[in-house]
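Visitor: take a look and give me a structure for this.
(chains A and B)
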Amino acid sequence: MIFDIDRETAPREDLEPLQLSRLRHLVERVHANVPFYRRKFEEAGLRPEQIKTLHDLKYLPFTEKQDLRNNYPFGLFAVPKENVVRIHASSGTTGKATVVGYTHRDVRNWAGLMARAFMAAGVNRGDVVHNAYGYGLFTGGLGVHYGAEELGATIVPISGGGTKRQVMLLRDFGPTVLCSTPSYSLFLHEAAQEAGIPFSELPIRVGIFGAEPWSEEMRLDIESKLGLIALDIYGLSEVMGPGVAMECAVAQKGLHIFEDHFLPEIIDPITCEQLPPGATGELVLTTLTKEAQPLIRYRTRDITSLDYVPCRCGRTHVRMSRVKGRSDDMLIIRGVNVFPSQIEALLLETEGLTPHYQLILNRQGAMDTLEVRVEVDEKLFSDEVRHLQRLEGKIQANIKEFLGVTAKVKLVEPRSLTRSEGKAQRIIDQRPKV
Amino acid sequence: MKVEQISIFLENRAGRLTDVTRVLSQAGINIRALSLADTSDFGILRLIVTDHERAKQVLKENGFTVGRTSVVAVEVDDRPGGLHAILELLSNNQINVEYMYAFVQQTGKDAVMIFRFDRTDQAIEILQKNTIRIIPGDELYNL
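Guide: Numbers count the residues shown, from 1 in each chain, chains lettered A, B, ... in the order given. I've put the predicted structure just below:
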């Protein structure tokens, strides 16, 4: 089943003119309404009317996460503030969050795209969706929520955490669809088994998993343990949220990017040159319909490739492969995006000095763990245990508060952290590779 | 009247304590008293040594985080209630003991306790007023 059959199965010769007309409008709009883009266009010596074909996309300037930070909070809005009906934001230390605004139409478009995603997963009216994505500033919870309602399915907005209660509702409400991070689904499975509830006998038949990278091996593991079909969903808050791309249940081979709303490119992250179809590189997205905060050539930093071969599900929209990695040092820990620099900034704020630190990532069962090791120098040191424990607690609380991730903080002796050629090795990621 | 104590941050792993004693032994420094406070992850070793300046220097040279704290060595009557009398006196004067430990040796018939107070100077004043003997550093290091 296809939610928007005309759009999702449109032949390329119909799709591309639509993309071009939307792109040209977009360029005019941001040029007229967003000073940041007007300046960028001027710097590049570019006038909106020079964009005549989709190939001209490559002349447009990129937008980076830092541009969103620099224009914090509302500097990239392309509509008057009173037209913005919702604001989402990523975690971040003070002043470093990335903010995204939505008009009423943006929210409706998003719901429609999420409804497409659900239907691509074989979900329809009559299904019950257990939504364990976090509700709040994070786009996951509400994005999925509105999509399920748009489709006419029943949504259980349980949000993240409270695993025992989740298990109880999985048993009592009989959901047929599970939305969560892939690792949390395995965690739920373990918790259900512990509670004596055989997960594979629950009526759940589809899992829509995203917000963190996962492998084909993990998919097979989830499918066999949980007794469902596991599908990959892609999205990022800067561009919209979940529902930018969705794997179809028919082929289960790549995620359809909803191309009438998002124009994808693959670039070489070093040279920033466009790469030919099929090549692996960094995904760059241009939002074609977003009103409140459209983005031109947003660098997602996600490494993937695009496959334009029509899919046997009938959709013509291009498929991206599962995300293979990042072109920056962003870490994804239990679905939460964390930059090492954010932790460094927090450590700096905590005691006002630059400590040597190291991040150790591991996987315990299905869940990622983060240990932050901090070297104790003479300025941090106290001969009283409670002072040092208070320091550990303070760092831990700050990381939870500002970055939304639970970390174990461990104080270590100076110079005990691995350094290679004098340079500190900040990140040790011992999780299985995707 | 104060005694200089050095403290060392130690990770809880095998051999670290030995590393400290080796460094001190090679530098010819004698340990006069010690206490180890520990948690599941780390420990704090507190030492009174014959030469705290030198001890600190050699330990730092060997990569340890070393702190220095002023503590007070107090003579305690070696009889029932000897320690209690001192603690009661301090408590009545709102002085808090952060930690304490026993000195290895006795002075004559008396025991020696090392105290870390929250208000060191006031504690010394009160103890002296009540004719409780405080052992000065120079005497203690070579006791």
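Visitor: residues from the stretch 251-400 of chain A in reach of chain B?
Guide: A:376, A:377, A:378, A:381, A:382, A:383, A:384, A:385, A:388, A:389 (Cβ under 8 Å from any Cβ of the partner chain). C-beta: built from backbone N, CA, C; applies to glycine.
Visitor: can you rerun that using 10 Å?
Guide: Taking Cβ under 10 Å from any Cβ of the partner chain as the contact definition, the stretch 251-400 of chain A meets chain B at A:373, A:375-389, A:392.
Visitor: okay, and which of the residues you listed map to strands?
Guide: Among these, the subset assigned to strands under DSSP state E consists of A:373, A:375.
Visitor: tell me the domain boundaries of the chain?
Guide: Since no chain was named, I'll use chain A. Recorded structural domains for chain A (assignment: automatic domain parsing) are A:69-328, A:333-429.
Visitor: meant chain B, my bad for not saying
Guide: B:3-69, B:71-134.
Visitor: my read: residue A:285 touches residue A:304, true?
Guide: No. Using Cβ atoms under 10 Å, residue A:285 makes no contact with residue A:304, being 11.1 Å away.
Visitor: tell me, what's touching these two both at once?
Guide: Common contacts of residue A:285 and residue A:304 (Cβ atoms under 10 Å, 6 or more residues apart in numbering or on different chains): A:245, A:257, A:264.
Visitor: now the closest residue in space to the second one that isn't next to it in sequence: which helix or strand?
Guide: What that stands for is residue A:257. Excluding the flanking residues, the one nearest residue A:257 by Cβ to Cβ, 6 or more residues apart in numbering or on different chains is residue A:245, at 4.3 Å. Using DSSP states H and E, residue A:245 sits within strand A:241-247.
Visitor: tell me how far residue A:82 lies from residue B:1.
Guide: With the distance defined as Cβ to Cβ, to the nearest Å, residue A:82 ends up 71 Å from residue B:1.
Visitor: scratch that, residue B:120 is what I was asking about
Guide: Distance, residue B:120 to residue B:1, using Cβ to Cβ: 9 Å.
Visitor: quick one: residues contacting residue 65.
Guide: Just so you know, I chose chain A. A:90, A:92, A:96, A:98, A:236, A:238, A:298-301, A:328, A:330, A:337, A:339.
Visitor: chain B is the one I meant
Guide: Here residue B:65 is in contact with A:375-381, A:411-415, B:7-10, B:44, B:59 (criterion: Cβ under 10 Å, 6+ apart).
Visitor: on that earlier part again, with mean neighbour count and mean pLDDT added, can I get the domains of chain A in TSV?
Guide: Below are those laid out as TSV (neighbours: other Cβ atoms under 10 Å in any protein chain shown; pLDDT from 0 to 100):
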stretch	mean neighbour count	mean pLDDT
domain A:69-328	20	95
domain A:333-429	17	83
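Visitor: just send the ones you listed back as CSV, with distance to residue A:9 too.
Guide: Output for the domains of chain A, formatted as CSV (distance: least, Cβ to Cβ, whole Å):
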stretch, distance to residue A:9
domain A:69-328, 5
domain A:333-429, 32
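Visitor: before we move on, the earlier item: packing partners for the strand holding residue A:245?
Guide: Secondary-structure packing of strand A:241-247 (3 or more Cβ pairs under 10 Å, 6 or more residues apart in numbering or on different chains; DSSP states H and E): helix A:104-120, helix A:139-151, strand A:206-209, strand A:229-236, strand A:255-257, strand A:262-267, strand A:281-287, strand A:319-320.
Visitor: one step back: between the shared contacts of residue A:285 and residue A:304, which sits nearest residue A:324?
Guide: Nearest to residue A:324 out of those is residue A:245 (Cβ to Cβ; 14.3 Å).
Visitor: ok, what's across the strand from that closest one?
Guide: residue A:234, residue A:257 (DSSP bridges).
Visitor: quick one: it from residue A:261, how far?
Guide: Distance from residue A:245 to residue A:261, by Cβ to Cβ: 10 Å.
Visitor: show me the common contact partners of those two, please.
Guide: Residues within reach of residue A:245 and of residue A:261 at once, by Cβ under 10 Å, 6+ apart, are A:113, A:285, A:317.
Visitor: which residue packs closest to the first one, ignoring adjacent ones?
Guide: Closest residue in space to residue A:113, ignoring its immediate chain neighbours: residue A:243 at 4.2 Å, by Cβ to Cβ, 6+ apart.
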